[in-house]
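Q: predicted model, plus sequence, below.
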Amino acid sequence: MDDDIPYLLLTPGPLTTTRTVREAMLRDYSTWDVDYNSLVNDVRGQLTRLASASDDFTTVLMQGSGTFAVEATIGSVIPPDGCLLVVNNGAYGKRILLIAQRLKIDTIEATFAETELPDVEVIDTLLNKHPNVTHVAMVHCETTTGMLNPAAEVGACVKRYGKVFILDAMSSFGGMEMSMESMSADYLISSANKCIQGVPGFGFVICNRSELERTPGWARSLSLDLYDQWQTMEAGGGKWRYTSPTHVVRAFAQALSELKVEGGVAAREQRYTTNQRRLVAGMRELGFQTLLPDALHSPIITSFLFPSDSFDFSQFYDKLKARRFVIYPGKVTNADTFRIGTIGNVHPADIDQLLAAIAEVTREMGVKL
Ligand SMILES: *Cc1c(COP(=O)(O)O)cnc(C)c1O
């Protein structure tokens with residue numbers, strides 16, 4: 001852990017960044033300046049290449065948190081008479097559904113329990129039964145639980161029916177190997193403050209160019225118009241519509257170069273996987289239980305069950321924070337849980353220190369494990 005940070009964020013983002021990423025923000029840019037615009041286009045190109053070697057894809061950056069990029073996509077790429085099938089097994093799947101409903105887009109739900117893997121056969125049956133579906137959306141790593149959803153299988157099914165596939169890979173892109181081709185994704189959404197390890201301020205959508213070209217005029221919002229944003233970025237050599245998060249983009253460019261130095265996405269996935277396995281092994285040794293079985297876990301974040309009904313999470317949280325570790329509350333509906341993220345500038349030695357702190361804190365609290 002760097003000495004200059006008050007605590008380590010073991011969260012699903014914003015997460016702990018490197019000092020060099022934070023230092024990259026110590027410079028002002030004009031959004032109209034060619035230096036900045038070429039940085040933007042370089043970032044767009046690098047993101048596209050992280051997702052595909054093919055020229056069939058292009059990347060659009062969008063101001064705001066990750067949800068704004070999801071809303072921009074859902075609101076822009078579905079035609080006025082389109083219908084969206086939403087795969088929902090957690091808070092982020094549910095959020096996609098809420099976005100579509102708020103925008104008065106016709107939806108069909110494929111809902112599963114939060115601790116249940118989405119069943120491709122159920123999705124197949126729904127697509128068969130509802131030929132009016134034009135688009136399918138799902139979350140890759142459901143950050144609610146830490147579950148890794150079967151995106152490649154669902155994507156292949158969506159393509160058998162000739163539909164457009166929108167993947168919210170917010171919490172996994174850059175931290176797990178994937179491609180547009182392997183996921184059969186037409187739109188893949190993520191944001192600056194997740195596994196690329198930048199700071200919050202914008203999201204990005206990697207788009208199938210020929211699909212995106214079909215969408216002018218479909219957007220249900222002006223500022224979240226994905227097509228217009230794309231056109232401006234293409235025509236203006238990296239210009240955004242409206243004020244862009246200039247400092248955040250510069251930090252993000254630094255984060256991308258640090259991803260390369262680390263050895264790319266494969267090396268990062270390895271580090272996150274080591275972090276997560278070490279965390280789970282250590283927590284089980286202490287007597288904690290995970291919400292999900294190992295086969296369903298992503299390397300991104302893990303949900304742990306409260307050890308008893310009387311477990312005082314806020315005391316546990318405060319005591320860990322005093323020892324420089326910030327964890328995350330749970331989000332599942334039917335169980336008392338807390339979450340620990342294993343992404344960001346977090347290394348196996350940090351996990352060992354966290355486990356020692358948890359052992360100390362549970363002893364101090366008299367928690368029976
Ligand atoms: C973080 C996250 C989002 C976006 O959340 P914001 O708070 O808007 O950044 C969306 N989907 C998933 C799966 C996420 O993990």
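A: Great, that's in hand.
Q: all contacts plus neighbour counts: C-alpha atoms, from now on.
A: OK.
Q: next, the buried residues of the longest helix belonging to the chain.
A: What stands out as the longest helix in the chain, according to DSSP state H, is helix 264-286. For helix 264-286, burial by neighbour count (16 or more other C-alpha atoms under 10 Å) applies to 264-265, 267-269, 271-280, 282-283.
Q: who does it touch, helix- and strand-wise?
A: Here helix 264-286 touches helix 246-262, helix 348-365, going by 3 or more C-alpha pairs under 8 Å, 6 or more residues apart in numbering; DSSP states H and E.
Q: touching the helix or strand immediately after it in the chain from outside, list them.
A: Proceeding N to C from helix 264-286, the next assigned helix or strand is strand 301-305, under DSSP states H and E. Residues from elsewhere that reach strand 301-305, judged by C-alpha atoms under 8 Å, 6 or more residues apart in numbering: 11-12, 143, 145-146, 276, 288-292, 330, 335-343.
Q: state which one residue of the stretch 101-250 of the chain is found closest to the ligand.
A: Closest approach between the stretch 101-250 of the chain and the ligand, counting by C-alpha to the nearest ligand atom: residue 171, at 4.3 Å.
Q: hmm, that residue is touching residue 14, no?
A: No: the criterion here is C-alpha atoms under 8 Å, and residue 171 misses it with residue 14 at 10.6 Å.
Q: can you give me the strands in the stretch 101-250 of the chain?
A: Applying DSSP state E, counting those that start in this stretch to the stretch 101-250 of the chain gives strands spanning 106-111, 135-139, 141-142, 147-148, 164-168, 187-191, 202-208.
Q: want to throw the ones you listed into TSV with mean neighbour count and distance to residue 236?
A: Shown next, in TSV, are the strands of the stretch 101-250 of the chain (neighbours: other C-alpha atoms under 10 Å; distance: least, C-alpha to C-alpha, whole Å):
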stretch	mean neighbour count	distance to residue 236
strand 106-111	18	34
strand 135-139	26	30
strand 141-142	27	34
strand 147-148	25	38
strand 164-168	26	27
strand 187-191	29	22
strand 202-208	25	18
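Q: redo these as a markdown table? Include distance to the ligand and mean pLDDT.
A: Converted to a markdown table, the strands of the stretch 101-250 of the chain look like this (distance: least, C-alpha to the nearest ligand atom, whole Å; pLDDT from 0 to 100):
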| stretch | distance to the ligand | mean pLDDT |
| --- | --- | --- |
| strand 106-111 | 16 | 98 |
| strand 135-139 | 6 | 98 |
| strand 141-142 | 5 | 98 |
| strand 147-148 | 10 | 98 |
| strand 164-168 | 6 | 98 |
| strand 187-191 | 7 | 98 |
| strand 202-208 | 8 | 98 |
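Q: please tabulate the ones you listed in JSON lines, including the columns distance to residue 323.
A: Formatted as JSON lines, these follow (distance: least, C-alpha to C-alpha, whole Å):
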{"stretch": "strand 106-111", "distance to residue 323": "40"}
{"stretch": "strand 135-139", "distance to residue 323": "33"}
{"stretch": "strand 141-142", "distance to residue 323": "28"}
{"stretch": "strand 147-148", "distance to residue 323": "28"}
{"stretch": "strand 164-168", "distance to residue 323": "34"}
{"stretch": "strand 187-191", "distance to residue 323": "29"}
{"stretch": "strand 202-208", "distance to residue 323": "31"}
